[in-house]
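Asks: Sharing a model that was predicted from the sequence below.
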Amino acid sequence: MTDDPKAFFALDLGTATTSAALVGRVAGRWRLLGALSLPAGVGLDSLLATIVARFATVDPELADDLGIEATAEAATAWPRLTARSTAPTTLAVIAATERGLEPLVRAAERTGWRVRPAAAERLDPLAMTSILLDHEVTAVLLGASTPPSGDERGSLGELAALVAAAAFRRPELTILLAGGMVEQAPRFEATGERVSGVLRAPAATAGSPPGAPLRELLHRARAGRDESRLSFSRGIAALADALDRKVEGIELGIDGAVRVHATPRHGDVEGTVHAATLATAGLVPLEPDEATVDRVLGWSTVRLDRHRMRDRLRDLRLMPWGDTAGDGAPFRLAAARAAVARLVAGTPEISALPPPDLLVVSGGAWAVAPGPAVALAVSDVVRRAAACQLAWDHARLVAPIGTIEDEAERVAVVADLADDLLLPLGSVVMPQGMRPGRAGGRLVVHGPATAAELELVPGGLELVDLPPGERAVAEFQFKDPVRLGTRGRHFAVEVAGGLGGLLVDLRDVPLRLPDRPDRRRELLSAWQHALWAGMDG
Amino acid sequence: MSETMVQRPPDAERRASPNAPGARIPPGLDLIPHRTLVEHTVDAWLPLRPGDRARVSPGDAVTLGAPLAERLRLPKIVEVPARFGGRPGERWARTVASGASSNRRDPHPAGELLFESNGRWRIVAAEHHDIIESPLAGIVREVRPGIGLSIRAAGAALGGVLALGDPTHGRLEIATDADGELRPRSLDVGSAGAILVVGARIDAEALTRARAMGIRGIIVATLPGKDRRDFLASEGRQRAGLHRLPPFGVVVLHGSQRRPIASAAMGLLQRLAGKEVAILGGPPSVVFDPAGVVLEPDPPGTVHVRSGPLAGRTGRWAGLAGPRRFPGGLHLEAGFVRFGDEWPVPIPLADLERLV
């Protein structure tokens, strides 16, 4: 950032959504002054000018103090923090055996690449060459274990020769040699004038946790520093430090999703960051397969046959913002639930970490739904026996802030903006192990302006009105021991309010829905109606 | 949808004559995404597979129907000793490599070098090949053996979202109106050699029948996934047969769920009726010669509805409506759009587009 600006724009330029936020220095700290998200393809300068003009209309005095003039020319001159989504590109992952391929694919899939795996023991050289010469493939990860296992050793030379020949024909291909394949590097150095380099990578099982060094290299090979999913991870880490809390972030876009778990720094002890970017967890895959259609149908409250659902998903991919009104928004949330479920299923190592204190959702997929409905959608698929606060990065600020180079400055900006950048959706308390068919216990909520008492019915979803900004203590007295962080009967949990209030989620962990489609739709619809004001209007 | 809600426009807007030439365009139009209706620079990409032999070179001028490449049928890997040098992607011929005279019974007298390992070259070859013809006139820009070739088209293109089948060309005929649907029994053998514009949708049976009748291509607004899958299965069976039909291609302009061809695209297609056009797969588009075709830009302030209940209609921008509540309890950024002389209606900005 430039020295001492009074205001700046934070831009998150996604594949489907262009988001801009105006941030200004008010009373010695950064504040969010306005934000707008529209479909990608809008004139960015017009978008910025609209934000500025709205702010200047609403608060002309502050605008004057900040030297903000509501003209497009003035707006375009201000500093900008820009994070950009890059559309996933395709990585061919090649190994001699299926056994050797599996860890390579596992590492590659968590770094945002679209992966095309191929094992020499399954594919003939012609099919393998066809994959490598496909112009959609932009990089090749060729790997073997270290040292090469007996079943790999015999075919390493031939496999390397095949890939080197393809690399000769496509000098623009980035080649990554991993583990035992590094020995084959001389074959690639003799393959003419390469535009992209040949990178030597550690084995897929090397490092702690296994695969981490390879993933780091694959991340760097895919995207630049301002890539929005990488900067979102840094932004979440800064948020964890600024709030001194364990924070999980889920950013869902049309072409991919990222899940981040960050713990704060304590004194000299560094905080931890675990992140995974999955191209397969985008809102709609390039070509929705049967499993994707099934999953979205499983969350849909609208009765659709498989063919129509697939058509709708394809059109959603073509026009992510189109046809939103009416049943378009619940349909998007059904697709978002299925996508987040794919993300959670694809990142078991993050699910195994201690539950976060705060879960932040971000991305264009949430932009068309009311906050409480977003809270429910997230609670439906991210299920942990714990209490957690939910918040929405409504102005898409986390990723642009993550592009700030200096870590201390990043944390300072986040600390200033934390109250503005997070829209509180509410708190979710999700006990596990309640016995169905009998009374579950009692809940008493004590707050400065809120007092509630209710019976706990296993399988239900109870809502307690707790407005944003209000804190309360929820005292649970279960009849039988349950898991809620730890195992016990009596719990006192501090909860924070939000647009959805306090959600006491007594449903199964993981969630089990009726097999009969009509019964399932009825149940999902009932839950959704409770949190989606004016849904029928 | 909110288009049924009567919204009172600002007084100044009501007093203004909205369709008068030179009328002021209210601000906010730039917040609508824009798209190019007609691309004037088109680089057609025709993929090649390992072993396919290009018959053109960069810089060559190609005409409609000129042979571009030989496509191998049922390619196989053949191993030969690496005595003759060579580099991956180069052509190989047994007579050249061995110095021996051609053996008439040799099923693989020539091929393409794939890779060399342990003193032997792997070569891809086949007994038969098909000719890939140029679907358009233009200049060859790039030839990459085994990968593809690129041609800078001598024409302009109307973009689509999906193309199926082969690149092809033919005379454009309008078979239905923009919201129509072509049934299999409506196809006429008199359309053989033509590319038909068939309105809102078409089913797989009509597509396969059209191909069998010698129709060269279909331009349609939407193609449901089931019909797409069925057509591709039929296409796969046809490709496997030894007797090949002429190339047949389909361009889908808008998506999968039924909707009419957008008025701007339909207007252009109507002006192209009777002219020779080409269907391309990469990028999915209809390529035409713009000479003699009036390509009038939209009048200033024109917006097109691309999704929602009014999809396909064209109106005039009447100003930003700000965040508005729409059915489903949603608050979306919206703009006023005037259709003809009707009152302006608010439509989500995301359902609108400008064509430039």
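Replies: Received, thanks.
Asks: Leaving out sequence neighbours, find the closest residue to A:L316.
Replies: Closest residue in space to A:L316, ignoring its immediate chain neighbours: A:V284 at 5.2 Å, by CB to CB, 6 or more residues apart in numbering or on different chains. Every residue, glycine included, has its C-beta placed from N, CA and C.
Asks: Quick check: bridge partners of B:G315?
Replies: B:V303 (DSSP bridges).
Asks: Could you tell me how many residues sit around it?
Replies: Close neighbours of B:G315, defined as other CB atoms under 10 Å in any protein chain shown, add up to 23.
Asks: List the residues that contact it.
Replies: Residues in contact with B:G315 (CB atoms under 8 Å, 6 or more residues apart in numbering or on different chains) are B:T302, B:V303, B:H304, B:V305, B:V337, B:R338, B:F339.
Asks: Now the residue nearest to A:L316: which helix or strand?
Replies: Following DSSP states H and E, one finds A:V284 outside all helices and strands.
Asks: least trustworthy helix or strand in chain A by mean pLDDT?
Replies: Ranked by mean pLDDT, DSSP states H and E, the helix or strand of chain A with the weakest confidence is helix A:72-76, at a mean of 66.
Asks: Other residues contacting the helix or strand following that helix?
Replies: Sequence order places strand A:80-84 as the next helix or strand after helix A:72-76, per DSSP H and E. Strand A:80-84 has contacts (CB under 8 Å, 6+ apart) with A:1, A:8-14, A:226-228, A:231-232, A:399-404.
Asks: can you tell me how far the residue sitting nearest the centre point of chain A sits from A:A242?
Replies: What sits nearest the mean C-alpha location of chain A, by CA atoms, centre = their mean, is A:E251, with 2.6 Å. Look at A:E251 and A:A242: by CB to CB, to the nearest Å, they are 18 Å apart.
Asks: quick revisit: same list (the contacts of B:G315) but as TSV, adding pLDDT.
Replies: What follows is those, written out as TSV (pLDDT from 0 to 100):
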residue	pLDDT
B:T302	92
B:V303	93
B:H304	92
B:V305	92
B:V337	96
B:R338	94
B:F339	93
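Asks: among the residues you listed, which two are most distant?
Replies: B:H304 and B:R338 (13.4 Å; CB to CB).
Asks: So between the two, which is more surrounded?
Replies: More crowded of B:H304 and B:R338, by other CB under 10 Å: B:H304, with 24 against 20.
Asks: so what's the more buried one up against?
Replies: So B:H304 contacts B:A262, B:S263, B:A264, B:R313, B:T314, B:G315, B:L352, B:E353, B:R354, B:L355 (CB under 8 Å, 6+ apart).
Asks: Neighbour-wise, give me the winner out of those residues.
Replies: Neighbour max across those (other CB under 10 Å) = B:L352, 25 neighbours.
Asks: Got the phi and psi for it?
Replies: The phi/psi pair for B:L352 (degrees, to the nearest 10) reads phi -110, psi 160.
Asks: Name all residues that make contact with it.
Replies: Contacts for B:L352 were tallied using CB under 8 Å, 6+ apart; they are B:I32, B:P33, B:V303, B:H304, B:V305, B:R306, B:G335, B:V337.
Asks: Quick check: the farthest pair among those residues?
Replies: Greatest spatial distance among the contacts of B:L352 (CB to CB): B:P33 and B:V337, at 14.6 Å.
Asks: Counting neighbours, go ahead and name the busier of the two.
Replies: Under the criterion of other CB under 10 Å, the comparison of B:P33 against B:V337 puts B:V337 first, with 28 against 20.
Asks: Quick check: bridge partners of that one?
Replies: B:W317, B:V345.
Asks: I'd like to know how far it sits from B:R313.
Replies: From B:V337 to B:R313 the distance is 9 Å (CB to CB).
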